[in-house]
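Q: Got a predicted structure plus its sequence, pasted below:
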Amino acid sequence: MLRTNTCGELTISNETQEVTLCGWVQKSRDLGGMTFVDLRDRYGITQLAFNLEVDKPLCEKARTLGREFVVKATGFVKERESKNKNIPTGEIEIIVTAVEVLNESKTPPFTIEDDTDGGEELRMKYRYLDLRRNPLKKSLALRHKLGFEVRKYMNDQEFFEIETPYLIKSTPEGARDFVVPSRMNQGEFYALPQSPQTFKQLLMVAGYDRYFQLVKCFRDEDLRADRQPEFTQIDCEMCFVEQEDILNTFEGLMKYLFKSLKNIELADFPRMDYAIAIKEYGSDKPDIRFGMKFHELNDLVQNKGFNVFDQAELVVGICAEGAANYSRKQLDALTDFVRKPQIGANGLVYVKCNEDGTFKSSVDKFYSQEDLQEWSNEFGAKAGDLILVLAGNTNKTRSALNELRLEMGTRLELRNPNEFSPLWVVDFPLLEWDENSERFHAMHHPFTSPKNEDYHLIKTDPGKVRANAYDMVVNGVELGGGSIRIHDKELQEKMFDLLGFTEEEANSQFGFLMNAFEYGAPPHGGIAFGLDRIAALFGGSDSIRDYIAFPKNNSGRDMMIDSPSPISSEQLDELQIELQTKHV
Ligand code: ASP
């Protein structure tokens with residue numbers, strides 16, 4: 001080893017020891033006769049001290065050390081005169097007797113400090129420098145611990161970690177596939193897995209009983225703060241189980257992770273039907289850290305002459321506690337918020353429940369004080385509360401009110417990042433109507449089984465059939481989801497038929513799975529969690545990027561290696577791919 005110790009471990013108990021440290025120069029200071037250099041490595045920072053009077057050449061050498069130089073220093077541990085209580089090594093310094101520059105560094109394009117001056121793009125371009133900063137080191141340490149604890153729990157529960165291939169053919173899971181051309185099979189393509197779904201099911205057919213994998217998945221979709229084109233799942237599957245068994249096993253995993261990483265004991269997770277989640281929160285991933293549930297008002301408010309409400313399929317509102325003192329400006333800001341194109345409401349109706357028991361609303365022209373009293377009763381509103389109401393098409397209005405509820409939750413500081421409210425959302429619909437293609441799509445994926453008791457509706461009212469499908473949601477973030485699978489060939493064929501696959505299409509894409517179902521496929525089910533999302537949640541951040549060592553930007557680019565990028569014409573020729581823009 002080039003060093004005897006790290007820069008994070010020496011304390012007063014090491015006084016007088018001779019040590020050698022290696023690391024990067026965080027900063028240096030010349031104070032008359034003394035030069036101090038902060039030396040940093042993954043473990044921490046230790047102060048190196050050089051005395052001009054004791055060793056002039058050495059001190060002069062120290063003065064040439066620039067930021068981020070890689071240095072090896074030998075010396076003796078000594079108690080410091082002015083101590084730094086903020087760092088574990090702050091009581092000591094090293095009186096250096098020899099220093100060697102292992103490598104020089106250009107001046108970094110941004111400061112390597114907790115609060116850096118570098119913009120996002122610049123930091124992504126020099127990610128290896130950004131990764132030297134403490135906040136990122138902490139994120140990656142958290143992620144490491146998370147993966148480690150997941151493996152520990154799963155191993156204790158008899159799960160085998162088994163790798164599945166990355167070069168596969170597409171599994172339809174809703175997103176677009178990334179494809180990879182095959183040189184040896186010209187004109188043919190692999191797809192990168194959106195998830196190992198069919199492989200993990202085949203492992204159940206093979207009798208492996210309990211499988212898991214920390215696995216990269218690839219989806220070519222539009223990116224947001226919580227989405228990356230490649231991300232990591234904790235992918236799991238079990239044999240001979242019912243929904244209840246999966247929920248218990250993985251509630252156990254999450255409780256274990258909260259305990260081991262955050263020292264938080266979670267109570268049993270509540271369960272919520274999908275239909276209730278949609279009706280009361282307008283979302284299949286409700287943030288239940290706070291109430292503010294939806295109340296539907298059609299019966300109360302229609303036929304009183306207010307056209308907007310009369311014409312609406314749904315009139316629905318929330319009650320924001322203690323917000324009746326909102327100013328004109330604040331109410332206008334809320335109206336602007338719901339009118340944003342991403343939210344899509346036409347307008348916002350408010351009712352202030354005044355302290356004196358009267359009401360002030362934006363629709364006073366149409367509704368008497370008695371009418372507004374009835375609204376207020378419906379919400380159980382108190383003096384000082386603010387009722388906010390949206391109206392229009394049912395689905396759009398629910399999703400707009402969901403956004404408004406979350407916004408109010410944020411404004412009223414009801415979304416404390418240190419509080420965690422998990423739940424299971426269960427009984428998802430099997431199918432979802434797609435307006436564009438005018439046909440049903442699988443809401444989860446085509447391998448999810450319908451509930452036995454709803455199966456009779458499959459021909460007559462397929463939209464009503466519920467699935468054995470579930471999501472785990474924490475603080476409004478979907479951390480994972482899964483289902484009990486179809487393991488019967490005929491039912492799987494029917495499912496593909498329902499989804500509009502011809503028999504040939506189903507066979508060419510999924511013949512391998514349906515064939516396998518003919519060789520003793522056991523009942524099975526599973527779930528997958530987003531590892532990056534769990535890490536971000538535990539770290540108290542909305543962005544998964546900080547928990548991925550080398551993430552891509554919002555256009556799916558890796559700014560550091562500059563990818564994607566064109567390939568050479570030789571490579572294209574070898575793959576027999578002709579680009580329209582090739583010769584431009
Ligand atoms: N493969 C599914 C997904 O990635 C999870 C599952 O059904 O286990 O969402």
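A: Thanks, I have it.
Q: shouldn't residue 398 be in contact with residue 317?
A: No. Taking contacts as Cβ atoms under 8 Å, residue 398 lies outside contact range of residue 317: 11.5 Å. For glycine as for every other residue, the C-beta is placed from the backbone atoms N, C-alpha and C.
Q: any common contacting residues for those two?
A: Both residue 398 and residue 317 are contacted by residue 294, under the criterion Cβ atoms under 8 Å, 6 or more residues apart in numbering.
Q: ok, those two, which is more surrounded?
A: residue 317 (26 against 21; other Cβ atoms under 10 Å).
Q: Now for residue 385, how many residues are close by?
A: 19.
Q: show me what contacts it?
A: Residue 385 sits next to 319-324, 353, 376, 379 when contact means Cβ under 8 Å, 6+ apart.
Q: what do you get if the cut-off is 7 Å, keeping everything else the same?
A: Residue 385 sits next to 319-324, 353 when contact means Cβ atoms under 7 Å, 6 or more residues apart in numbering.
Q: how about low-confidence regions in the chain?
A: Across the chain, the ranges flagged by pLDDT under 70 are 171-173, 225, 581-584.
Q: For it, which residues are neighbours of the ligand?
A: Residues of the chain lying close to the ligand by Cβ under 6 Å from any ligand atom are 195, 197, 481-483, 526-528.
Q: Residue 478 bridge partners, please.
A: Here residue 478 sits in beta bridges with residue 473, as judged by DSSP bridges.
Q: So it versus residue 31, what's the distance?
A: Separation of residue 478 from residue 31 (Cβ to Cβ, to the nearest Å) stands at 54 Å.
Q: Same check on residue 218?
A: In terms of Cβ to Cβ, residue 218 sits 54 Å off from residue 31.
Q: And these two? Which one has more around it.
A: Set residue 218 next to residue 31 and count neighbours by other Cβ under 10 Å: residue 218 wins out with 18 against 8.
Q: ok, now which ones touch the nearest residue to the more buried one once chain neighbours are set aside?
A: Excluding the flanking residues, the one nearest residue 218 by Cβ to Cβ, 6 or more residues apart in numbering is residue 192, at 3.9 Å. By Cβ under 7 Å, 6+ apart, the contact set of residue 192 is 166, 177-178, 180, 218.
Q: Among those, which one is most surrounded by other residues?
A: Neighbour max across the contacts of residue 192 (other Cβ under 10 Å) = residue 177, 20 neighbours.
Q: Tell me which residues touch that residue, please.
A: Remark: with contacts taken as Cβ under 7 Å, 6+ apart, residue 177 is in contact with 170, 191-192, 194, 220.
Q: Now restrict those to buried residues only.
A: Buried members of the contacts of residue 177, scored by 16 or more other Cβ atoms under 10 Å, are 170, 191-192, 194.
Q: Setting the sequence-adjacent residues aside, check what's closest to the residue in the stretch 1-150 of the chain that the ligand sits nearest to.
A: Closest residue of the stretch 1-150 of the chain to the ligand, Cβ to the nearest ligand atom: residue 150 (15.1 Å). Nearest residue to residue 150 in three dimensions, chain neighbours excluded: residue 234, at 5.5 Å (Cβ to Cβ, 6+ apart).
Q: likewise residue 102?
A: Nearest residue to residue 102 in three dimensions, chain neighbours excluded: residue 70, at 4.3 Å (Cβ to Cβ, 6+ apart).
Q: Next one: the one you found from residue 3, what distance?
A: Going from residue 70 to residue 3 by Cβ to Cβ gives 12 Å.
Q: cool, and residue 175?
A: 47 Å.
Q: about what we covered before: can you pull the phi and psi angles for the residue nearest to residue 218?
A: Backbone torsions of residue 192, given as degrees, to the nearest 10, read phi -80, psi 140.
Q: now swap in the one 5 residues further on and tell me
A: Comment: the main-chain dihedrals of residue 197 come out as phi -50, psi -60, following degrees, to the nearest 10.
Q: if I look at it, how far off is residue 486?
A: Taking Cβ to Cβ as the measure, residue 197 falls 12 Å from residue 486.
Q: what is in contact with these two at once?
A: What both residue 197 and residue 486 touch, as defined by Cβ under 7 Å, 6+ apart, is the set residue 447.
Q: got the contacts of residue 385 as CSV, with neighbour count and secondary structure columns?
A: CSV is the format used below for those (neighbours: other Cβ atoms under 10 Å; DSSP: H, G, I helix; E, B strand; the rest coil):
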residue, neighbour count, secondary structure
319, 25, strand
320, 25, strand
321, 16, coil
322, 12, coil
323, 21, coil
324, 21, coil
353, 25, strand
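Q: Out of these, which is nearest to residue 543?
A: residue 320 (27.2 Å; Cβ to Cβ).
Q: That closest one and residue 389 touch, don't they?
A: No. Between residue 320 and residue 389 there is no contact under Cβ atoms under 7 Å: 11.5 Å.
Q: contacting residues around the strand ranked longest in the chain?
A: As assigned by DSSP state E, the longest strand anywhere in the chain is strand 18-31. With contacts defined as Cβ under 7 Å, 6+ apart, strand 18-31 is touched by 2-5, 7, 10, 35-41, 45-46, 63, 65-77, 94, 102, 132.
Q: Over to stretch 280-287?
A: By Cβ under 7 Å, 6+ apart, the surrounding residues in contact with stretch 280-287 are 274, 277-278, 293-294, 398-399, 401-402, 406, 409, 415, 425, 471, 473, 475-478.
Q: and the nearest residue in space to residue 547 that is not next to it in sequence, what is it in contact with?
A: Nearest non-adjacent residue to residue 547, counting by Cβ to Cβ, 6+ apart: residue 535, 3.9 Å away. With contact taken as Cβ under 7 Å, 6+ apart, residue 535 is in contact with 142-143, 146, 547.
Q: could you redo the last one with a cut-off of 8 Å?
A: Counting by Cβ under 8 Å, 6+ apart, residue 535 touches 139, 142-143, 146, 544, 547.
Q: Rebuild the residues you listed as CSV, extending it with distance to residue 241, neighbour count and secondary structure.
A: Below are the contacts of residue 535 laid out as CSV (distance: Cβ to Cβ, whole Å; neighbours: other Cβ atoms under 10 Å; DSSP: H, G, I helix; E, B strand; the rest coil):
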residue, distance to residue 241, neighbour count, secondary structure
139, 34, 24, helix
142, 30, 19, helix
143, 29, 22, helix
146, 25, 22, helix
544, 29, 25, helix
547, 30, 24, helix
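Q: Excluding covalently adjacent residues, which one is nearest to the residue lying farthest from the centre of the chain?
A: Within the chain, residue 53 marks the point farthest from the mean C-alpha position, 55.8 Å out by Cα atoms, centre = their mean. Residue nearest to residue 53 in three dimensions, not counting chain neighbours: residue 33, with 5.7 Å by Cβ to Cβ, 6+ apart.
Q: same deal with residue 400?
A: Excluding the flanking residues, the one nearest residue 400 by Cβ to Cβ, 6+ apart is residue 345, at 4.2 Å.
Q: Same question for residue 425.
A: In this structure, residue 425 finds its nearest non-sequential neighbour in residue 471, 4.6 Å apart by Cβ to Cβ, 6+ apart.
Q: again with residue 181
A: Closest residue to residue 181 apart from its sequence neighbours, by Cβ to Cβ, 6+ apart: residue 575 at 4.6 Å.
Q: How about the contacts made by that neighbour?
A: 181-183, 186.
Q: Throw together a ChimeraX command that grabs the buried residues out of the residues you listed.
A: Buried subset of the contacts of residue 575, written as a ChimeraX selection, criterion 16+ other Cβ under 10 Å:
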select :181
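Q: Mind checking which of the contacts of residue 575 are in strands?
A: If you go by DSSP E, these have residue 181 in strands.
Q: and which of the contacts of residue 575 is nearest to residue 113?
A: Taking Cβ to Cβ as the measure, residue 113 lies nearest residue 181 of those, at 44.5 Å.
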